[in-house]
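S.K.: no sequence on hand, only this structure:
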């Protein structure tokens, strides 16, 4: 029977190159998954409850899916996406699944199609193409599987061969699920990561109250600059005690600043009492990136900067459905000037690791590779978000390798909340990297034995080492 | 005999991929041409007179050709390009043709070369490569053909298998040629499109007089904001009565605005009496894009935005030869911020279609695909102008498909005034799309049967549907 | 024995395309090298002394090499890079070489790897891959060769089959080494190029003293605008007398200006007496590009503009080691607006040649190809600096050819101070161009005989003609 996923998917068509790619892939296909950055819910691993129905698992939370359907006229409510005002939305998983299935052709040529086919095929043993005709049978098959113990989170974690996975929690999170995981004695390795946006960005909803709470849980006085910094140090240590090896920062730009302590303290006072203007608030965010980098120098957390997304571009959608509804749009992002204050302060430190991401591919060859190719503190994160796709990953390698090499990159991030798709995403990444390496070998730019080393490093070793996992 | 155009032109060299591309192409090669946006002269179809000599048909009006020759030192006058001051220019078609022929090597690697070889071969049965040696014989051959009735506009229209073609007329145009076509009883389908730049852009030459004229022909009072809007509605309805299904907007940027009616009215008054400053004039253009989108919601015209060209970059050339002399140069263009006011107003409307074009390829993956991949009102126009070329079209697919899919694109636009090249341009587009699809099939990212559906949709169906033709 | 460099390196893997590429390459592989822009030291050719030890020749002066090693934690001092304060650095060539060798894997996928393997193999007959194990033997082999007369500069010049090479000297240089070369009667053709940054950029270190010195050596009064211009003319003529056919301009941006003589004179006065503010200094640099273009119209020097590098991004490195330490980072660069004053003044002159370079690949298809494809005075320089690599060169051809054609480009620049790598760099360029042409032939976009002409033109003829060599 024809499988949904061909064994040669994503390999170059030329037979000679394909056979090199196959050979490389064979050596990395079954390596354990190291997932140093992502958004799965630690509650899953803590409680180990069955996943809900197929639509709630695979459609409703996946913004790649509902944004595409919405772009073609399907209402978000009809896909089960809840409303802020509590109005009813579609709750029938089968009907949601069917709407998805009959529009599945919209995903032709997208990574969602590759991931979904992989999940249907490898996880649920479905081999018929998804469409209106097969919607019911696939729904039934998935629903049936999800009731089996082998499909609970911890069983899937083992099945997926995950060596370690990082979740991401806000600075105010009590990490109760991580505590529960630890206390349970389960041997799956789930670590957290420190994401302080809500207590770093003065424009974040509830910023002032967030700082009060930060004071409470850290036992520090967040009414002063020094107390505020101490509170961060306290929380970072707390996160480290739950395995965190990294922090993560989702700013609108890559702007950094390096004020004197007295300037920073005065700016903090304005931000704290709500009198800072837009420039002041922007400057504060910029300053905090440098502060975080300095703390990383002390406590060893790997710092990740994810800039350049215009969050919630549509105010109507924001009002109706809230954040993370597929309306985050990339914008042009500059790094060379923006990062200079941080780099002037700590960029030459070989013991610091700052991982840079971008949604603006024009920065790969022009800015990011030249910066990471010389500053010891910098590494390049993998192709991110909309670019986390076969063509996007290929462009990443083609535009960064010649200046930054492979060893200033950090392997793959699945960066997902879609747990079932994690093996699919790592598989796509491994295949695309093997295809790229195969081309270098076929063009005699790399020896075959070097490509075998690199395939393993890109799939496994670099992520472990760069993230200190 | 070796043909000027190889049957496998533009297909990938790898034999397996090539055979898929060939098979796909075979099913679309002879589909009718749907040309929803272009600049052919409706007078041709109205009068059906013979085309003039080869140079006047193929060289003198083609800015792709004379800009390249000019860049290498050939004077525009020597190519028959008329001067604003009426000074004499070369009128001898044969000499113009010869100058082109002896410089034909300059076009190696350009789409002009592909189009011209296709025209020489398919339309004029010429199989010898064009150069100084063959210039006379090809000139004679073409001139002879042009005297035959089979080479008149209407005969060529049928020969080209054009199902429908749109021309573009200014808002003040009386559409007399369209009327004549209609009245003639000829069954070729030629529709117009509404291009209001001259009455929307306060910096357009003669703007004030243009508005007076707009008032006259519409019977509305273009001295007031409400009358001015009514005049647009009137003209749009008039254009629709001649088959128009779209409007077209050629602004320098993609800026939009959404002022309150009273603000807009006050701004109009300033613009109308010539007291608006540069910012005000810019704001007015921005406001008018949103007004046009709102009118489209009512009357169903598909809105096309063609931003980002710095028109007539050289003032000397502008003074000597006027507009459209090959000196329009692309500039960096931003969409995410620029379109927000329009999108906030009408971006979520599934019954509106706004087709976005760009001359700045950096916006494909970063801005346009993410926007069109979520806003129901948005679609992506094909690779435009300088990017309407094999490599440009390939980049368009590679950089938009993974985020926007195929179904948020609208098929091909030939966008040309070069009537004889229309089949060549559609053929290049079909071949490049089939080559792209063939690669996806060969890499097992798409099933073969899906590729056959898509090939037809990209070549024919999407254009018809998106443009409501 | 397996060679370090495969005969098919950089050729496309598909056998049909590869055989075309091979055939094309065969006809250009042994063409003489024309090197119209570079940074080799004329002293080498003048004195013809043996090169120093392997590390001093191949590692210490190569910023591509030490920036990569530094990015991975190797101290510059340990690579023999001297310090501004005179502190001791590693002087033992063998230990430097060993550090490089044991980190050679860092260069996988980079052009440095291709160049170095070519040099080791073709120049030093080394066929074992470089690594910690082979470091000593390769060091010994190279050191032994460097002591032989066949490895002196003039012998290598002949061995490399260099027909002509341009060095680059500052406006204040007395060209003593060029004089010595000329007086020596040696028949190698080494010419200079006029690089006036130090007397054109008011922010250059020692600008005021530089202008005094310019006055002294030219015998002109650099206290006045007219005297200052005359001094430039004088120096340009002096450089021409040592074979210069070009000037070179390394500005931070591509900004140009075209002030009236009285405005320019007033601005000069402010700049001269140090009272010009940042805007004035920027405007002066912009004005000087246009002045240089006007002088080129008179004296025929080909003008090269190399904009867009943020020089010495790290102030710590600047303080510790000085300029040119690998910390020059590309920035976004605009041309369409920036060049307009210069182009308005002289852009239509067919006898002027201005060669444009960029570090911002986004400008290739959007700005540079459309500009060079119409302005007679403009030509496109090859892929530059970080983009002077297989993928970079391929992108250059893919993004410029369709709009500018091949004949508005100027062949290859090695642009290097790494003398031994010159044949390697030209070889990479020839191979990449042949691979590109082979694809066009295989896709039937070009006839094979045209590709043979183009291969020779891209490898040899265009550089000679564009640079008037």
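M.R.: Done, it's in. In this text the structure is predicted, and so the values were computed from the model without any measurement.

S.K.: residues near the closest residue to chain C within the stretch 101-250 of chain A, how many?
M.R.: Relative to chain C, the nearest point of the stretch 101-250 of chain A is residue A:245 (18.9 Å; C-beta to the nearest C-beta). Where you see a C-beta, it was placed from the backbone N, CA and C, and this is true even at glycine. Look at residue A:245: counted by other C-beta atoms under 10 Å in any protein chain shown, it has 21 neighbours.

S.K.: show me what contacts the spatially closest residue to it that is not a sequence neighbour?
M.R.: With sequence-adjacent residues excluded and distances taken as C-beta to C-beta, 6 or more residues apart in numbering or on different chains, residue A:245 is closest to residue A:468, at 4.6 Å. For residue A:468, the contacting residues are A:245, A:300, A:302, A:353, by C-beta atoms under 8 Å, 6 or more residues apart in numbering or on different chains.

S.K.: any figure for the gap between residue A:468 and residue A:301?
M.R.: For residue A:468, the distance to residue A:301 equals 9 Å [C-beta to C-beta, to the nearest Å].

S.K.: which residues are common contacts for these two?
M.R.: Residues touching both residue A:468 and residue A:301 (C-beta under 8 Å, 6+ apart) are residue A:245.

S.K.: the residue of the stretch 101-250 of chain A closest to chain C reaches residue A:191, doesn't it?
M.R.: Yes: assessed by C-beta atoms under 8 Å, residue A:245 is found in contact with residue A:191 at 6.6 Å.

S.K.: what touches both of those two?
M.R.: Taking C-beta under 8 Å, 6+ apart as the contact rule, residue A:245 and residue A:191 both touch A:166, A:469.

S.K.: just give me the closest of the contacts of residue A:468 to residue A:379.
M.R.: Of all these, residue A:379 sits closest to residue A:353, with 5.8 Å by C-beta to C-beta.

S.K.: can you give me the strands in chain A?
M.R.: Along chain A, counting by DSSP state E, strands occupy A:33-35, A:162-166, A:169-170, A:190-191, A:194-195, A:246-249, A:302-305, A:309-310, A:329-330, A:354-356, A:378-380.

S.K.: what helices or strands is the longest one leaning on?
M.R.: Counting contacts by 3 or more C-beta pairs under 8 Å, 6 or more residues apart in numbering or on different chains; DSSP states H and E, strand A:162-166 packs against strand A:33-35, strand A:190-191.

S.K.: can you put those in JSON lines and add mean neighbour count, mean pLDDT and distance to residue C:277?
M.R.: Listed next are those as JSON lines, based on neighbours: other C-beta atoms under 10 Å in any protein chain shown; pLDDT from 0 to 100; distance: least, C-beta to C-beta, whole Å:
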{"stretch": "strand A:33-35", "mean neighbour count": "24", "mean pLDDT": "98", "distance to residue C:277": "53"}
{"stretch": "strand A:190-191", "mean neighbour count": "24", "mean pLDDT": "98", "distance to residue C:277": "53"}
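
S.K.: so for residue C:130, which of the ones you listed sits nearest?
M.R.: That would be strand A:33-35 among the helices and strands packed on strand A:162-166, by C-beta to C-beta, at 30.4 Å.

S.K.: near chain C, which residues of the stretch 251-400 of chain A show up?
M.R.: Within the stretch 251-400 of chain A, the positions near chain C by C-beta under 8 Å from any C-beta of the partner chain are A:334, A:336-337, A:340, A:343-344, A:347-348, A:350, A:362, A:365-367, A:369-376, A:378, A:398-399.

S.K.: quick one, what contacts the residue most central in space within chain A?
M.R.: Nearest to the mean C-alpha position of chain A, by C-alpha atoms, centre = their mean, lies residue A:415 at 2.1 Å. Neighbouring residues of residue A:415 by C-beta under 8 Å, 6+ apart: A:37, A:38, A:39, A:384, A:385, A:388.

S.K.: go on, residue A:376?
M.R.: Residue A:376 neighbours (C-beta under 8 Å, 6+ apart): A:347, A:348, A:349, A:350, A:352, C:70, C:71, C:72, C:73.

S.K.: cool, and residue A:56?
M.R.: A:80, A:93.

S.K.: picking that back up, in CSV: the helices and strands packed on strand A:162-166, plus distance to chain B.
M.R.: Output for the helices and strands packed on strand A:162-166, formatted as CSV (distance: least, C-beta to the nearest C-beta, whole Å):
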stretch, distance to chain B
strand A:33-35, 22
strand A:190-191, 30
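
S.K.: among those strands, which comes closest to residue C:92?
M.R.: Residue C:92 lies closest to strand A:33-35 among the helices and strands packed on strand A:162-166, at 39.6 Å (C-beta to C-beta).

S.K.: that closest one pairs with which strands?
M.R.: Counting by DSSP bridges, the strands paired with strand A:33-35 are strand A:162-166 (parallel).

S.K.: just the buried ones from the residues of the stretch 251-400 of chain A next to chain C, in PyMOL syntax?
M.R.: Per 16 or more other C-beta atoms under 10 Å in any protein chain shown, the buried members of those correspond to this PyMOL selection:
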select buried, chain A and resi 334+336+337+340+343+344+347+348+362+365+366+367+369+370+371+372+373+374+375+376+378+398+399
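
S.K.: tell me which of the residues of the stretch 251-400 of chain A next to chain C fall in helices.
M.R.: A:340, A:343, A:344, A:362, A:369, A:370, A:371, A:372, A:398, A:399 (DSSP state H).

S.K.: contacts only, for the third one.
M.R.: In this case it means residue A:344. By C-beta under 8 Å, 6+ apart, residue A:344 lies in contact with A:258, C:314, C:315, C:316.
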